[in-house]
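Chemist: sequence? don't have it. structure:
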Ligand code: AMP
Ligand code: GLY
């Protein structure tokens, strides 16, 4: 089977690596891929967001299955376009991707179907939003409705912070069009975790739980990033909680989407707060988490291509997933300055040595080869150093051993990935 993978980050390298092991695969292309993905796929010079160019490539290359990594092309309707060409695609339709693309729509759906989430209200006008904040008079979270590249959420502890957040999003348009509408919600208390389920339009099967570290510095300090590291399984998601997540969140959401005429296919990534009352939805994403996808793929024992195809073709009832019983952790190496301005083109050495360590996989995110064939940085998050271990602590030890094998003076990482799990 000829496959096109859309995207070029650590998530897509992990997917490419996993798919490459499938005997069903005859040829893997990636649009646009990166220097690591190039080791297991042919990278084509097409942006992940250029839907017409992707469709053209699908036709010209005789692609038989398209796997979409990032959310933006899904929210823009790439899956619909590919399916209209008669080709199966992993990832939800434009209408279903609204679960990530519009926080307001997502909250309304959860409310309508009694799926646990923070209390909320939607606003398209700042004065009404401020009046609501004044009456609520307790900490709130202010969110831009649309996609804001993982930003667009402001946690407000005081009234004045909340008013300022409304101004920032609606008047100063800090997140552009995404902030024309906002959602204001109750501040949830508990431990945050992610849960990934595969869906095929009518049913869902659990994949794995994970936790990531969004803040840039040790101890969860500093500005938010796309994620500085992740591990799976997450001890907070024990068997009983996982069952509740499937029963109270994932299955009802998939049923609700089908009832609404927007059947959900692909991976459903639930960001959850696990508090005293059990799991509550913070957000949904319509794609794998990055870096979470990296440790998850490291633990997957089943045929990844078969798995993604079963989701795309509505055959999840026949699929039984097998997992490595061990834990896996990814430590992200980022370019100095990230998530702010950072230099591209700085040389990185030792990646092959790290990758050669048993039970270590180094996934590339923002990398490229320069004219001399030297591996260089080409983005904010650059590498995802991933390791397996009997416990999260063992996986952490091995991941940092591999990190220390890599010579990249202009890079940095957090040194405490996994502290929550290890502290338990
Ligand atoms: P989101 O983009 O919706 O995932 O929000 C980004 C981060 O803000 C989440 O990962 C949480 O840490 C935090 N957050 C969002 N909504 C809430 C909430 N209602 N209560 C507490 N924390 C929240
Ligand atoms: N690591 C969080 C995300 O992918 O949204």
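Modeler: Thanks, I have the structure now. Every value quoted in this text rests on a predicted model; they were computed, and no experiment measured them. Ligands and ions are numbered 1, 2, ... in the order given.
Chemist: near ligand 2, which residues of the protein?
Modeler: Within the chain, the residues that sit near ligand 2 (C-beta under 6 Å from any ligand atom) are 150, 212, 226, 227, 285, 289, 290, 292. To be clear about C-beta, it is placed using only N, CA and C from the backbone, and glycine gets the same treatment.
Chemist: of these, grab the buried ones for ChimeraX.
Modeler: Remark: buried members of those, expressed as a ChimeraX selection using 16 or more other C-beta atoms under 10 Å:
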select :212,226,227,285,289,290,292
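Chemist: and the residues of the chain next to ligand 2 as TSV, adding distance to ligand 1?
Modeler: Putting those into TSV (distance: C-beta to the nearest ligand atom, whole Å) gives the following:
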residue	distance to ligand 1
150	6
212	9
226	11
227	10
285	8
289	10
290	13
292	12
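Chemist: residue 105: which of the residues of the chain next to ligand 2 is nearest?
Modeler: Nearest to residue 105, judged by C-beta to C-beta, of those is residue 285 at 14.0 Å.
Chemist: identify the bridge partners of residue 269.
Modeler: According to DSSP bridges, the partner residues bridging residue 269 are residue 196, residue 285.
Chemist: check contacts around it.
Modeler: 194, 195, 196, 284, 285, 286, 287, 288, 289, 292 (C-beta atoms under 8 Å, 6 or more residues apart in numbering).
Chemist: please produce CSV containing those residues, extended by pLDDT.
Modeler: Shown next, in CSV, are these (pLDDT from 0 to 100):
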residue, pLDDT
194, 97
195, 98
196, 98
284, 96
285, 96
286, 96
287, 97
288, 98
289, 97
292, 98
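Chemist: return the member of those residues nearest to ligand 1.
Modeler: Ligand 1 lies nearest to residue 285 out of the contacts of residue 269, by C-beta to the nearest ligand atom, at 8.2 Å.
Chemist: which positions in the stretch 51-200 of the chain make contact with ligand 1?
Modeler: Neighbours of ligand 1 within the stretch 51-200 of the chain, by C-beta under 6 Å from any ligand atom: 118, 141, 153, 155, 185, 186, 187, 188, 192.
Chemist: report the buried members of those.
Modeler: Neighbour counting with 16+ other C-beta under 10 Å marks 118, 141, 153, 185, 188, 192 as buried within these.
Chemist: ok, the residues you listed vs residue 422, which is closest?
Modeler: Nearest member of those to residue 422, counting by C-beta to C-beta, is residue 192, at 16.4 Å.
Chemist: the closest one bridge partners, please.
Modeler: residue 273.
Chemist: surely it and residue 210 touch.
Modeler: No: assessed by C-beta atoms under 8 Å, residue 192 is found out of contact with residue 210, at 10.8 Å.
Chemist: what about the helices in the stretch 201-350 of the chain?
Modeler: With DSSP state H, counting those that start in this stretch as the criterion, the stretch 201-350 of the chain has helices at 239-244, 251-259, 293-299, 304-313.
Chemist: among the ones you listed, which is the most enclosed?
Modeler: Among these, helix 293-299 has the highest mean neighbour count (mean count of other C-beta atoms under 10 Å), at a mean of 28.
Chemist: which strands or helices does that helix pack on?
Modeler: helix 10-20, strand 204-212, strand 229-232, strand 327-335, strand 360-364, strand 381-389 (3 or more C-beta pairs under 8 Å, 6 or more residues apart in numbering; DSSP states H and E).
Chemist: contacts for it?
Modeler: 10-11, 13-15, 17-18, 196, 207-208, 210, 230-232, 288, 304, 323-324, 326-330, 361, 363, 384, 386-388, 395.
Chemist: what's around residue 137, how many residues?
Modeler: 9 (other C-beta atoms under 10 Å).
Chemist: contacting residues around it?
Modeler: Going by C-beta under 8 Å, 6+ apart, residue 137 touches residue 159.
Chemist: same question, residue 154
Modeler: Per C-beta under 8 Å, 6+ apart, neighbours of residue 154: 141, 142, 143, 161, 165, 168, 169.
Chemist: which strand residues bridge it?
Modeler: Residue 154 has these beta-bridge partners by DSSP bridges: residue 142.
Chemist: ditto for residue 123
Modeler: Under the criterion used (DSSP bridges), residue 123 bridges to residue 182.
Chemist: same check on residue 6?
Modeler: Going by DSSP bridges, residue 6 is paired in beta bridges with residue 31, residue 68.
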